[in-house]
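Chemist: what's the 3D shape of this:
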Amino acid sequence: MKKILIVDDQSLNQTLLEAYINQYSKQHGEAVTITTANNGIEAVALSQNTQYDLIFMDILMPIMDGIEATKRISAILPNTIIVIVSTEEDEENQIKALRNGAKDYCIKPIQPDVFKHRLELYLSMLNSAKGTLSSKQSHNLFSNTIFCYKTIYLIEDEEDLAQLWESLLFRIKDNVRTNFLSDLIRFIYQLGLSLLSHNLQPEIIMEENEEDFFFSILPIETFPTKNILQMIKNHFETIEYQMESNCLSFKISRDTTPLSAEVSSPSTREIPFNTTYEKEAQILQHFDFMEEDDRNSLELKLGDLSTQFVWMGSNELTEQDVDQITTAFEKISGILMFYIQTNTLGSAIHDLTSIIKKDEEVFIIMASQMSTLCSSFNNDLILWFRSIFYEGAPSIDFMDASIFSNIQMIQSFLEPVDETTLEEGDGFEFF
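Modeler: Residues are numbered from 1 along each chain as shown. The predicted structure follows:
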């Protein structure tokens, strides 16, 4: 039974969210209890007596606003998922809320289909986090003490891996660089597939303290050390990790500034790998090579794809849905291929579009399994777009590795590669 708290000073908003949650609960057989609060003070008082799993928090309320309430409740219930509900224009308060303990935000006015998809994600996260512990005994190979908490994900099948991917990106997306995190989760996903292919059910353990996130994968003793090291080398330019016979641990700083990362020395003599890499801080710059009309059209089409992939994750696709996706891809690839600076990226998206159009039936059949991959791919494109033209980026191609890797993984679903043809050291090798 999941306990959900809705905090809003407007009774109509409370009623609306409660109705959507109840509809989802009946459709999916998910048992929930719903409580409402009219302001932050009431929400904090309720949280002192009840362990809520999920809280939907309005920002602008009398007596105590949602930001202060989020901060106080996070201290009381550190494992509760707090979701801010705010208007699209209220970006400043959204950021403040996320920094004070909120895990995500929903935009008003609430769209029923989008909200139910997000609700499914939150409940999946709660169901996947089958062990949430607060003891001082750590699992990772870096630290003996974890000051906040740790979450253990039990991976029994590929669906669990897909949920892990989405929940981790959602859980800490605003605490570390998105492209850096995406590379790590992509690696964990691929290694998880390999473990499942050998009839193993791995544990993925996320721990955190005040400075760092830690990710550990076990058991790994059935895989050759040289293959795991090659896989790490293929996925990362720099990453801090440690490995023993049965466990592989990664460490990511909460700091969102460029990392001067190092590869840690392994903890056993069996692994002859003791190299340190240093990456110079990169100067961010804005680029203006693209015409304004093309830039606006590109932004619009990326937004269209976001909506399509949300729908793709929770509904059965039709041929018309696929046509809308490929049309958006064609427009995006056409714009990118027009400019020499983005021609390679545009060509890769064009090739992906051709594969999807070649056999739409396969794409429809595999849609539910690929929805997280496609969303991650589109999110990477959006991050790249905003960084290049608005927020600043070290180079035009700074996210190529992440974007191309996503394209490869989507293509692997549509055109499965014979495992026997993969060369040793390939990033997608199954051991």
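Chemist: lowest average confidence, helix or strand, in the protein?
Modeler: The helix or strand with the lowest mean pLDDT-type score in the chain, counting by mean pLDDT, DSSP states H and E, is strand 129-133 (a mean of 46).
Chemist: Off-centre distance for stretch 110-130?
Modeler: Averaging C-alpha positions (C-alpha atoms, centre = their mean, to the nearest Å) puts stretch 110-130 13 Å from its chain's average.
Chemist: For that stretch, C-alpha coordinates in CSV please.
Modeler: Once non-C-alpha atoms are left out, stretch 110-130 reads as follows in CSV (Å, rounded to 0.1, in the frame of the first residue of the first chain):
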residue,chain,number,x,y,z
ILE,A,110,-1.6,18.9,-15.5
GLN,A,111,-2.0,16.8,-18.6
PRO,A,112,-3.7,13.5,-17.6
ASP,A,113,-1.7,11.2,-19.9
VAL,A,114,1.6,12.7,-19.0
PHE,A,115,0.8,12.8,-15.3
LYS,A,116,-0.2,9.1,-15.3
HIS,A,117,3.0,8.2,-17.1
ARG,A,118,5.0,10.1,-14.5
LEU,A,119,3.0,8.5,-11.7
GLU,A,120,3.8,5.1,-13.1
LEU,A,121,7.5,6.0,-13.1
TYR,A,122,7.4,7.1,-9.4
LEU,A,123,5.6,4.0,-8.3
SER,A,124,8.0,1.8,-10.4
MET,A,125,10.9,3.5,-8.6
LEU,A,126,9.3,2.7,-5.2
ASN,A,127,8.7,-0.9,-6.3
SER,A,128,12.2,-1.3,-7.7
ALA,A,129,13.9,0.1,-4.6
LYS,A,130,13.1,-3.1,-2.7
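Chemist: From I81, how far out is the closest residue to S387 other than its chain neighbours?
Modeler: Using C-beta to C-beta, 6 or more residues apart in numbering and skipping the chain neighbours, the partner closest in space to S387 is A393 (4.0 Å). Where C-beta positions appear, they are placed from N, C-alpha and C, glycine not excepted. Here A393 is placed at a distance of 31 Å from I81 (C-beta to C-beta, to the nearest Å).
Chemist: tell me which element the spatially closest residue to T318 that is not a sequence neighbour is part of?
Modeler: Using C-beta to C-beta, 6+ apart and skipping the chain neighbours, the partner closest in space to T318 is I364 (7.7 Å). Assigning secondary structure by DSSP states H and E places I364 in helix 360-386.
Chemist: Downstream of that helix, the next helix or strand is which one?
Modeler: In the C-terminal direction from helix 360-386 (assignment by DSSP H and E), the next one is helix 400-414.
Chemist: Now do that next one against helix 360-386: the angle between them, please.
Modeler: Comparing the axes of helix 400-414 and helix 360-386 via axes from the mean of the first three to the mean of the last three C-alpha atoms, to 10 degrees yields an angle of 170 degrees.
Chemist: And helix 400-414, what's buried?
Modeler: Buried residues in helix 400-414, counted by 16 or more other C-beta atoms under 10 Å: 400-407, 409-411, 413-414.
Chemist: how far does the helix or strand that contains T15 sit from the chain's center?
Modeler: Per DSSP H and E: T15 is located in helix 11-28. Between the centre of helix 11-28 and the centre of its host chain there is 25 Å, according to C-alpha atoms, centre = their mean.
Chemist: same for it, what does it pack against?
Modeler: Packed against helix 11-28, as judged by 3 or more C-beta pairs under 8 Å, 6 or more residues apart in numbering; DSSP states H and E, are the following elements: strand 2-7, strand 32-37, helix 112-128.
Chemist: Try it again at 6 Å.
Modeler: Packed against helix 11-28, as judged by 3 or more C-beta pairs under 6 Å, 6 or more residues apart in numbering; DSSP states H and E, are the following elements: strand 32-37, helix 112-128.
Chemist: Just put the ones you listed in TSV and tack on mean neighbour count.
Modeler: Rendered in TSV, the data for these read as follows (neighbours: other C-beta atoms under 10 Å):
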stretch	mean neighbour count
strand 32-37	18
helix 112-128	18
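Chemist: tell me, which of the ones you listed is the model least confident about?
Modeler: Between the helices and strands packed on helix 11-28, the one with the least mean pLDDT is helix 112-128; it has a mean of 78.
Chemist: could you dump the helix or strand hosting I325 to PDB, C-alpha only?
Modeler: Assigned by DSSP H and E, I325 belongs to helix 319-338. Provided in PDB are the C-alpha atoms of helix 319-338 (Å, rounded to 0.1, in the frame of the first residue of the first chain):
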ATOM      1  CA  GLU A 319       1.500   3.400 -37.700                       C
ATOM      2  CA  GLN A 320       0.400   7.000 -37.400                       C
ATOM      3  CA  ASP A 321       2.400   7.400 -34.200                       C
ATOM      4  CA  VAL A 322       5.500   6.000 -36.000                       C
ATOM      5  CA  ASP A 323       4.900   8.300 -38.900                       C
ATOM      6  CA  GLN A 324       4.900  11.300 -36.600                       C
ATOM      7  CA  ILE A 325       8.200  10.100 -34.900                       C
ATOM      8  CA  THR A 326       9.900   9.500 -38.300                       C
ATOM      9  CA  THR A 327       8.700  12.800 -39.700                       C
ATOM     10  CA  ALA A 328      10.200  14.600 -36.700                       C
ATOM     11  CA  PHE A 329      13.400  12.700 -37.100                       C
ATOM     12  CA  GLU A 330      13.600  13.600 -40.800                       C
ATOM     13  CA  LYS A 331      13.100  17.200 -40.100                       C
ATOM     14  CA  ILE A 332      15.800  17.200 -37.400                       C
ATOM     15  CA  SER A 333      18.300  15.200 -39.500                       C
ATOM     16  CA  GLY A 334      17.600  17.500 -42.500                       C
ATOM     17  CA  ILE A 335      18.400  20.600 -40.500                       C
ATOM     18  CA  LEU A 336      21.600  19.100 -38.900                       C
ATOM     19  CA  MET A 337      22.900  17.700 -42.200                       C
ATOM     20  CA  PHE A 338      22.600  21.100 -43.800                       C
END
